[in-house]
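J.: sequence and predicted model, in that order:
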Amino acid sequence: NVSRDLMTPGTLIVGSDIPYPPFEFGFAPGYDGFDIDLVDAMARKLRLKVKYVDTRFDSIFDDLRNGDFDLVASATTITPERRRYVRFTKPNFDAQQSLVVVPGSAIRSLKDLSGTTVGAQDGTSGEAFARDNTRASQVVTFPNGQAVIRALKKGKVDAVILDQVVVNFFKQRGQRGFKAVRNISIGERYAYAVEKSST
């Protein structure tokens, strides 16, 4: 019985870093996106109500462990480090990162990042990749994908590493002033996270 594991019987309380389109975006209580649609469908099948808690990604796993919610649904990459302190559902999305620059930039590859300032979203695998796999002189983090792109366009960073699907979403919504020059496959898969003891 799933309800026995819930903080509030009959209600699935979900932590999510909003906005992170196309996975989660909009305004309470009418959130939208891939994660929102999938969690809502799961909750309907389990006959549960859903309550979303907008939470910063850099603290979302600590908040889960502190009992602030039952589930993390926030374009969450399965990593060995995270597996040490949370359990993951089955993967629900295969993801890639994108190297993004402004038009006219000389940066075309990861090698070109040597000595540059690279932006990423705080606490994400894009940040970890930028720190561990580039020779950037500095990695600067921002609270969400929109802020990462904004920093690039304002010249605060030379390039960014961000989820490919997020970059594509911004482009489809008509945003200009940036372009993805390379997609980076690092075997990322997204899933939802629960406390280690949760069934």
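T.: Structure received.
J.: CA atoms for contacts and neighbours, from now on please.
T.: OK.
J.: which residues does the residue sitting nearest the centre point of the chain contact?
T.: Centroid-nearest residue in the chain, with CA atoms, centre = their mean: Ala75, separated by 4.2 Å. The contact partners of Ala75, by CA atoms under 8 Å, 6 or more residues apart in numbering, come to 23, 35, 190-191.
J.: one more pass at 7 Å, please.
T.: Ala75 is in contact with 23, 190, counting by CA atoms under 7 Å, 6 or more residues apart in numbering.
J.: wasn't it part of a strand?
T.: Yes: the assignment for Ala75 is a strand, going by DSSP: H, G, I helix; E, B strand; the rest coil.
J.: and it, how far is that from Glu127?
T.: 14 Å (CA to CA, to the nearest Å).
J.: and Phe25, how many neighbours?
T.: Other residues near Phe25 come to 19 when the count uses other CA atoms under 10 Å.
J.: repeat for Thr124
T.: 18.
J.: and it, backbone torsions?
T.: Main-chain torsions, Thr124, degrees, to the nearest 10: phi -100, psi 170.
J.: what's the answer for the one 3 residues further on, then?
T.: Summarising the backbone geometry of Glu127 under the convention degrees, to the nearest 10, its torsions are phi -60, psi -50.
J.: contact partners for it?
T.: Glu127 makes contacts with 120-121, as judged by CA under 7 Å, 6+ apart.
J.: do you know the pLDDT at it?
T.: Looking at Glu127, its pLDDT is 94.
J.: longest strand in this protein, by residue count?
T.: strand 179-195 (DSSP state E).
J.: how about that strand: buried residues?
T.: Using 16 or more other CA atoms under 10 Å as the burial criterion, the residues of strand 179-195 that qualify are 179-184, 188-195.
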